[in-house]
Structure formats: structure tokens, C-alpha cells
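**Q** any chance you could fold what I've pasted below:
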Amino acid sequence: MQAQRILRPETVNAIVKMGPQAERIADRWAMGWKADLKQLETAGSLLPRLKEQAERESQVLADARQGGENSHLADHEILAMNDVNPAP
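**A** Below is the predicted model of the structure:
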């Protein structure tokens, strides 16, 4: 997990408990928005923001795949089509 290199161990443990979707998002943020990720952690708003993003992405992906019409698309394509911002 890329986020392990940036975040405090207790934050990483909390992210792991949130599940694989939250871990993927944290890693994406760690790779593309390292300073923003660290700033969110320092401000104490990382975990609530991450939870919100994970719930939103999970819902959008589930809704988009219902019926199978978008099964050929990658997750990032579905999220982009639904205007889900990948950044923190």
C-alpha cells in the first residue's frame, strides 16, 4: 500500500479496517496527491473524507454495473462518466 509510506501507522490501520475500496483510494491519493493527503491527515479530516469517497465510488460502480451494460468499462472510466472526482 503506497499510503503506508506517507501516513501514520494508526491512520493506515484505520484505512485497512475501512476495506479494500478505501485502501485503493488512499493509494491513488498517495500516488497523485501526496501533499493533499498529508494535509488532510494533519487536519484530521482524511478518514471522514476517505469514507465519503469510498461510499460514493462504491455506489456509482454498483449502479453502473447493474444490468451489465457497463461491464466492459474499467472502474476509472465509469467514475469519470459519472463526474466522480478522483482527487482528495
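**Q** if I look at residue 12, how far off is residue 83?
**A** 29 Å (CB to CB, to the nearest Å). The C-beta positions use only the backbone N, C-alpha and C, and glycine is treated the same way.
**Q** next: residue 17.
**A** In this view, residue 17 and residue 83 are 29 Å apart by CB to CB.
**Q** and if you look at residue 8?
**A** Following CB to CB, the distance that separates residue 8 from residue 83 is 32 Å.
**Q** how about the residue in the chain sticking out farthest from the centre, secondary structure?
**A** Most distant from the centre of the chain: residue 67, at 24.3 Å, with distances by CA atoms, centre = their mean. For residue 67, the reduced secondary structure class is coil; criterion used: DSSP: H, G, I helix; E, B strand; the rest coil.
**Q** just the pLDDT for it.
**A** Among the per-residue scores, residue 67 shows a pLDDT of 78.
**Q** which residue is nearest the middle of the chain?
**A** In the chain, the residue lying closest to the centroid (CA atoms, centre = their mean) is residue 25, at 2.3 Å.
**Q** look up how far residue 67 lies from that one.
**A** Taking CB to CB as the measure, residue 25 and residue 67 are separated by 25 Å.
**Q** just residue 40 next, same as before
**A** When distance is defined by CB to CB, residue 40 is 35 Å away from residue 67.
**Q** who's more crowded, residue 8 and residue 83?
**A** Just comparing residue 8 and residue 83: by other CB atoms under 10 Å the higher neighbour count belongs to residue 8, 13 against 7.
**Q** just give the nearest non-adjacent residue to the more buried one, would you?
**A** residue 41 (6.9 Å; CB to CB, 6 or more residues apart in numbering).
**Q** list the contacts of the helix or strand containing that neighbour.
**A** Residue 41 is part of helix 34-43, with elements assigned from DSSP states H and E. Contact partners of helix 34-43, identified using CB atoms under 8 Å, 6 or more residues apart in numbering, comprise 3, 6, 7, 8, 11, 26, 29, 30, 46, 49, 87, 88.
**Q** do you know the pLDDT at the closest residue to the third one other than its chain neighbours?
**A** Just to be clear, that refers to residue 7. Nearest in space to residue 7, with sequence neighbours left out and distances taken as CB to CB, 6+ apart, is residue 41 at 5.7 Å. The per-residue pLDDT reported for residue 41 equals 98.
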